[in-house]
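**Student:** take a look and give me a structure for this.
(2 chains)
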2 protein chains.
Amino acid sequence: MLPGCPLEVIGVVHTARTTPATTPVQAALNRAEQGTVEIFEAFAQGLSGLEGFDYVWLLTWMPLASGSQEMPAMIQVPFLLRPQGRTMGVFATRGPQRVNPLGLSLVNLLEVSGRTPRAGSPD
Amino acid sequence: MLPGCPLEVIGVVHTARTTPATTPVQAALNRAEQGTVEIFEAFAQGLSGLEGFDYVWLLTWMPLASGSQEMPAMIQVPFLLRPQGRTMGVFATRGPQRVNPLGLSLVNLLEVSGRTPRAGSPD
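**Tutor:** Below you'll find the model as predicted:
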């Protein structure tokens, strides 16, 4: 039996985007937009020195993007392959309907103010 | 109150490395080594089409690397800054003692055989 993986939430991403339907599908289509990351007080000291870096990896939990299904289809038609109707396994796509609704984003760090890093090009 | 993040384990990474003490600290120091990823049967179909890619992102759960502490120090001395004794916040380091023992590895995909992708340069 495998042990569980108790993921600890360290903060919240704030952007102007609140619904998947009106959110651009890729950061590349949306370079001018910015967001902030609010790191909870218990972890605030962990930001020390981050201001010296230009880029930060954000791992995010995005259940809204994943839709309401308990488990997504293992075989999907990726957004950009819809014209051809071509199918791919979920692990060969970047689609939002994933087994784990994890987002992986490399963002441009603009400033760190208190416990709130501000970042450009959020996904 | 924030909802929990119930991470679903999709498989197990197999390498010759079983203890942190004898594992190289960076993939760059260890390019010739290979490993396999065993994807559980329930998710095997999700690998379809993956063989067409050269690189794969692996998100791994590595509690052994994190040590026995419940919560790591927010301020640490990174491995490569030990000579200077310089401190950094945990989120400004790549050190293994993290709030969440998550590994993020870009690996070179060598082949997909059944439900077992084989990859080079594992971290």
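**Student:** okay, buried residues for the longest strand along chain A please.
**Tutor:** What stands out as the longest strand in chain A, according to DSSP state E, is strand A:102-113. Residues of strand A:102-113 classed as buried: A:Leu102, A:Ser105, A:Val107, A:Leu109, A:Val112 (neighbour count, 16 or more other CB atoms under 10 Å in any protein chain shown). Every residue, glycine included, has its C-beta placed from N, CA and C.
**Student:** could you dump those residues to JSON lines with pLDDT and distance to chain B?
**Tutor:** Below are the buried residues of strand A:102-113 laid out as JSON lines (pLDDT from 0 to 100; distance: CB to the nearest CB, whole Å):
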{"residue": "A:Leu102", "pLDDT": "93", "distance to chain B": "7"}
{"residue": "A:Ser105", "pLDDT": "91", "distance to chain B": "12"}
{"residue": "A:Val107", "pLDDT": "92", "distance to chain B": "13"}
{"residue": "A:Leu109", "pLDDT": "94", "distance to chain B": "10"}
{"residue": "A:Val112", "pLDDT": "93", "distance to chain B": "10"}
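**Student:** tell me the residues on chain A that lie near chain B, please.
**Tutor:** A:2-5, A:7-10, A:12, A:39, A:43-50, A:52-53, A:56-57, A:59, A:61, A:63, A:74-75, A:87-93, A:99-100, A:102, A:104 (CB under 8 Å from any CB of the partner chain).
**Student:** one more pass at 7 Å, please.
**Tutor:** Within reach of chain B by CB under 7 Å from any CB of the partner chain, chain A has these residues: A:2, A:5, A:7-10, A:43, A:45-50, A:53, A:57, A:59, A:61, A:74-75, A:88-92, A:99-100, A:102, A:104.
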